[in-house]
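S.K.: Got a predicted model here, sequence first, then my questions.
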Amino acid sequence: MSTTASGVWKSASSSPKSSVRVALAALQGRVIARHPEPYPTLSSGPQVDQVCSVIETVLARAGRDPRRFFGIGVGAPGLADVTGRVNAPAVPGWRDVPLGDVLTTRFKVPVLVDGHANF
């Protein structure tokens with residue numbers, strides 16, 4: 001049986017405000033696949049649908065069944081509360097976003113959301 005976990009994070013590289021980055025990792029931490037995707041425009045910031053799409057893209061590119069991974073960890077812009085709700089007033093569209101609930105509903109796995117600085 002192959003077991004994988006998924007990690008999702010906002011870019012922490014030289015241009016942290018320009019892309020959504022996703023990595024699929026084995027439980028031991030080995031990265032299996034990764035995929036960065038720029039925001040539609042720098043002024044729009046990331047969109048929740050884009051985050052979901054990038055997760056689906058990395059799973060498909062790795063040839064992994066989305067029903068067979070254990071969880072999602074998200075390093076979101078701004079602050080996140082214990083329920084996975086994100087509040088990043090400086091990022092367009094990221095005020096009171098229920099990211100944890102959206103990802104849990106869509107992928108049917110546990111989700112941990114925290115500020116990207118903590119990932």
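M.R.: Perfect, thanks for sending it.
S.K.: which helices and strands does the helix or strand where V58 lies pack with?
M.R.: Using DSSP states H and E, V58 sits in helix 48-61. When contacts are defined as 3 or more C-beta pairs under 8 Å, 6 or more residues apart in numbering; DSSP states H and E, helix 48-61 sits against strand 4-10, strand 19-26, strand 31-38, strand 69-76, helix 99-107. Every residue, glycine included, has its C-beta placed from N, CA and C.
S.K.: Save these as TSV, and put in mean pLDDT, mean neighbour count and distance to V113 too.
M.R.: Formatted as TSV, the helices and strands packed on helix 48-61 follow (pLDDT from 0 to 100; neighbours: other C-beta atoms under 10 Å; distance: least, C-beta to C-beta, whole Å):
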stretch	mean pLDDT	mean neighbour count	distance to V113
strand 4-10	45	21	9
strand 19-26	82	19	14
strand 31-38	85	15	19
strand 69-76	86	20	4
helix 99-107	92	18	5
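S.K.: need those in TSV with distance to D114, can you?
M.R.: Shown next, in TSV, are the helices and strands packed on helix 48-61 (distance: least, C-beta to C-beta, whole Å):
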stretch	distance to D114
strand 4-10	10
strand 19-26	15
strand 31-38	19
strand 69-76	6
helix 99-107	10
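S.K.: L24 contacts E56, doesn't it?
M.R.: No: counting by C-beta atoms under 8 Å, L24 stays clear of E56, with 11.0 Å between them.
S.K.: Can you give me the buried ones in stretch 84-97?
M.R.: 84-88, 91, 94, 97 (16 or more other C-beta atoms under 10 Å).
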